[in-house]
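1. with the sequence up front, the predicted model follows.
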There are 2 protein chains.
Amino acid sequence: MHLSRRSLLRASTAAALLSATGRQSAAAGLVGRAKDELPTPALVVDLDQLEGNITRLASHAKSAGIALRPHAKTHKCAAIARLQMAAGALGVCVATLREAEAMAEGGVGGLLLTSEMVGGVKIRRLVELTRRRPDTMSVVDDPGHAAELSAAARAAGLTLNVLIDIDPGSRRTGIAPGEKAADLARRITALPGLRLRGIHCYSGSSAHVTGFEQRRAHSEKAMAPAIATFLELRRDGLPMEILSGGSTGTYNIDPAFGAMTELQAGSYVFMDVDYRRIGGKSGAVYEDFAPSLAVIATVISRPERNRATIDAGLKAFATDRKFGPEPKDLAGATFSWGGDEHGILDLAKASREPRLGDRLEFIVPHCDPTVNLHDHIHALRGDRVEAVWPVARGYG
Amino acid sequence: MHLSRRSLLRASTAAALLSATGRQSAAAGLVGRAKDELPTPALVVDLDQLEGNITRLASHAKSAGIALRPHAKTHKCAAIARLQMAAGALGVCVATLREAEAMAEGGVGGLLLTSEMVGGVKIRRLVELTRRRPDTMSVVDDPGHAAELSAAARAAGLTLNVLIDIDPGSRRTGIAPGEKAADLARRITALPGLRLRGIHCYSGSSAHVTGFEQRRAHSEKAMAPAIATFLELRRDGLPMEILSGGSTGTYNIDPAFGAMTELQAGSYVFMDVDYRRIGGKSGAVYEDFAPSLAVIATVISRPERNRATIDAGLKAFATDRKFGPEPKDLAGATFSWGGDEHGILDLAKASREPRLGDRLEFIVPHCDPTVNLHDHIHALRGDRVEAVWPVARGYG
């Protein structure tokens, strides 16, 4: 069996990879169609709401005197990044090289990689990206890593822009604020091929604190040490142009701290059940931005009066939160997970009884990882598909 | 702004969709490389282990006198389905039309869609698929749905093969066993354009019961009503060729029930933390099949002695279980989620201290939804990439 098996394996790569082209054409063929013609589950965005969200944050940032470099890990779509740029963003943050490369291909610059690009494979790609987009920046929290980046930059004959990544207390990545960060900053300024631009400090744990005042207090405490370090290094004459941080949860909190130069909010373009639950400045539901993103699902089984099973499960909605999606137009129905491709709606207290074949829309539990589950975002103007955007997911 | 914005949106679809072709070429370019050259996080499968798993289940089924139609929702790769066919499978089960179409394109027939294909968009695709692959089968749990399938088959001038989907008590999809199922079966045999082939009954809740004896008892209770219905309808002269069910958890349990004609186990090709925890026929770890699937991640931050942060988080590993991935070669380290692109390893009790830039391999928490997070499976022979397979995820 071994010989034929090996030829089976090899033959498959080329043929299967080629068939992807046909699929992309099929996706493009959906442009101009009615949303009811989309295969379900379908990830859709309401363009009027999306554009409203983008305009709203841009206006807020302008009046608060802070720049915007929104996080593109939320949408992974160059088309949405271009809308953000057109509304005044400096560029976009990205979490992966794949996202960064998709942005660069789509004409978006001002890229900030908010995760450490460690190891030869990543550093080589970072160098290539910087060759195409010399203003690309990435983050560093380790002197050895800084030295490797310096060596790679020198070998390539270019300059890598870096920010010091400071840990806001989340214990994920980042060097400690204060003397350790200051020491790393001084080392970087002494290394050839590197240009220090400032500090990156993202407090993800502040973003989702429930209650506006609690969130404000959490973010203030998390950001204070990084802000102090930033101001001290600036006084010492180190190149501290940028202090980047903030989230959709703290966009109207962090600018008041005074020192931050730019916000990296991401989820505001789409919103989700998660962010709606944290509460707004006034009110129990956080409604500063509209829930523009939805998954359309089809009711595929109605074996009991009080139950409807849909064709969207844990491969269509992110499962990293304790809650599932919320139906947009079916008050009282509660969702539970039914496996890879199934969601189960309990209709005991529902406002109506959907029929077999009905299409239902859901606000997603957590937008970033939900987008990552889909190949395309279908951009709707009313009930028409105006564009189909591939999601730049994956790593290769 | 509106005019330029609209043109931005429209222009983006074609350009962005085209760039996918370049990416597929890049993936194909990895064939023949060392696994250390893969961008991380990378989904990999050990081909020797994969082939061993496929051979093992095939031998078991042969000696147990039951046919195999393994579930391809686990791998979504036609190349793996072809290995399963070469080992004797009748065909493969699939959960989505996208999976079915990828199998058909890859030369794999004998397709059983294990989810109800409800609504005009799905029924049209099912008809097109059946035109290419006349032996395609799907499932039905509702008389109205059966009538719609019949009408579509007549309009297209072909025959749709269907199985009655019976609920094993999971309350997800499926009609009740006994009289309701019998009535649906009789209606289907009276409808033109439909050919009744038998019964589908998948007890997902049995698959993951911990402890072999408990699992056996659970599966026996879940399957008994469907088996009784199957035998009764067969006695009544209805066309009951197929009774399909079973899982990786019950592959060595269900054949003893006597009536089931085929097994649809899927996860056995890869295995995961989830299945290893359910316990085997003897022993606390279920080791009937080798954990062939892994994610390779890079250590990107080491700010404290007892902590290593990797570049794989909730966009690289499925989050639907209570537990995370398990490192393959770092005993004592415990994983916690660090966000979209981060995982955090507590090294307090670890056997060694990985260095910044080290590459670590992890057994995935739950294989099916983890595969769905990746664009490609990199098939390794030892430390070499022998093939790169696109994952047929998504719905469009």
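-> Structure's in. What do you need? These numbers were taken from a predicted model, which means no experiment stands behind them. Numbers count the residues shown, from 1 in each chain, chains lettered A, B, ... in the order given.
2. what ranges do the strands span in the stretch 251-396 of chain A?
-> A:262-263, A:293-304, A:307-310, A:326-327, A:334-337, A:343-346, A:359-363, A:376-381, A:384-390 (DSSP state E, counting those that start in this stretch).
3. how about the contacts made by the closest residue in space to residue A:251 that isn't next to it in sequence?
-> In space, residue A:251 comes closest to residue A:265 once its chain neighbours are excluded; the distance is 4.8 Å by C-beta to C-beta, 6 or more residues apart in numbering or on different chains. For every residue, glycine as well, the C-beta is placed using N, CA and C. Residue A:265 makes contacts with A:57, A:68, A:70, A:71, A:246, A:247, A:248, A:250, A:251, as judged by C-beta atoms under 8 Å, 6 or more residues apart in numbering or on different chains.
4. hmm, try it at 10 Å
-> By C-beta atoms under 10 Å, 6 or more residues apart in numbering or on different chains, the contact set of residue A:265 is A:57, A:60-61, A:68-71, A:74, A:93, A:207, A:245-252, A:254, A:289.
5. against residue A:82, how distant is it?
-> As for residue A:265, its distance to residue A:82 is 17 Å (criterion: C-beta to C-beta, to the nearest Å).
6. chain center to the strand or helix carrying residue A:226, what's the gap?
-> Secondary structure here is read from DSSP states H and E; on that basis residue A:226 sits in helix A:212-235. Its chain's C-alpha centre lies 23 Å from the corresponding centre of helix A:212-235 when counted by C-alpha atoms, centre = their mean, to the nearest Å.
7. same question, stretch A:62-72
-> Here the centre of mass of C-alpha atoms in stretch A:62-72, compared against the chain's by C-alpha atoms, centre = their mean, lies 15 Å away.
8. as a whole number, average confidence for it?
-> What stretch A:62-72 shows for mean pLDDT is 98.
9. for that stretch, buried residues please.
-> Of the residues in stretch A:62-72, those with enough neighbours to count as buried (16 or more other C-beta atoms under 10 Å in any protein chain shown) are A:66, A:67, A:68, A:69, A:70, A:71, A:72.
10. please apply the same query to stretch A:147-159.
-> By neighbour count, and taking 16+ other C-beta under 10 Å as the criterion, the buried residues in stretch A:147-159 are A:148, A:149, A:150, A:152, A:153, A:156.
11. quick one: the fifth one from residue A:227, how far?
-> Looking back up the chat, that one is residue A:153. If you measure residue A:153 against residue A:227 using C-beta to C-beta, the figure is 29 Å.
12. please name the strands paired to the helix or strand hosting residue A:195 in the sheet, noting orientation.
-> Secondary structure assigned from DSSP H and E places residue A:195 in strand A:194-200. Applying DSSP bridges to the sheet, strand A:194-200 is found paired with strand A:160-165 (parallel), strand A:242-245 (parallel).
13. with mean neighbour count as extra columns, can I get those strands in CSV?
-> As requested, the strands paired with strand A:194-200 are arranged in CSV below (neighbours: other C-beta atoms under 10 Å in any protein chain shown):
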stretch, mean neighbour count
strand A:160-165, 26
strand A:242-245, 25
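14. a markdown table for these, including mean pLDDT?
-> Converted to a markdown table, the strands paired with strand A:194-200 look like this (pLDDT from 0 to 100):
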| stretch | mean pLDDT |
| --- | --- |
| strand A:160-165 | 98 |
| strand A:242-245 | 98 |
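15. and after the helix or strand of chain A with the lowest mean pLDDT, which helix or strand comes next?
-> None of the helices or strands of chain A scores lower by mean pLDDT, DSSP states H and E than helix A:2-28, at a mean of 61. Sequence-wise, the next helix or strand beyond helix A:2-28 is strand A:42-46, with elements assigned using DSSP H and E.
16. does anything pack onto that next one? Which helices or strands?
-> Helices and strands in packing contact with strand A:42-46 are listed as strand A:293-304, strand A:359-363, helix A:367-371, strand A:376-381, strand A:384-390; criterion 3 or more C-beta pairs under 10 Å, 6 or more residues apart in numbering or on different chains; DSSP states H and E.
17. do the helix or strand that that strand is followed by and chain B meet?
-> Moving toward the C-terminus from strand A:42-46, the first helix or strand encountered (DSSP H and E) is helix A:47-64. Yes: when contact is scored as C-beta under 10 Å from any C-beta of the partner chain, part of helix A:47-64 falls within range of chain B: A:47, A:51, A:54, A:55.
18. what about these, which one has the most neighbours?
-> The most crowded member of the residues of helix A:47-64 next to chain B, judged by other C-beta atoms under 10 Å in any protein chain shown, is residue A:54 (25 neighbours).
19. coming back round to it: show me which of the buried residues of stretch A:62-72 neighbour chain B.
-> Within these, those near chain B by C-beta under 10 Å from any C-beta are residue A:71.
20. which one of the buried residues of stretch A:62-72 is nearest to chain B?
-> Each of the buried residues of stretch A:62-72 was checked against chain B using C-beta to the nearest C-beta; the closest is residue A:71, at 9.7 Å.
21. and that closest one, what is it in contact with?
-> Under the criterion of C-beta under 10 Å, 6+ apart, the contact partners of residue A:71 comprise A:92-95, A:99, A:112, A:114, A:202, A:246-248, A:263-269, A:368, B:340.
22. mind doing that once more with 7 Å?
-> Remark: with contacts taken as C-beta atoms under 7 Å, 6 or more residues apart in numbering or on different chains, residue A:71 is in contact with A:93, A:264, A:265, A:266.
23. what's the mean pLDDT across stretch A:286-295?
-> Averaging the model's pLDDT scores along stretch A:286-295 yields 97.
24. which residues of the stretch 201-350 of chain A lie near chain B?
-> A:204, A:298, A:300-303, A:307, A:309, A:311, A:314-315, A:319-320, A:338-342, A:344 (C-beta under 7 Å from any C-beta of the partner chain).
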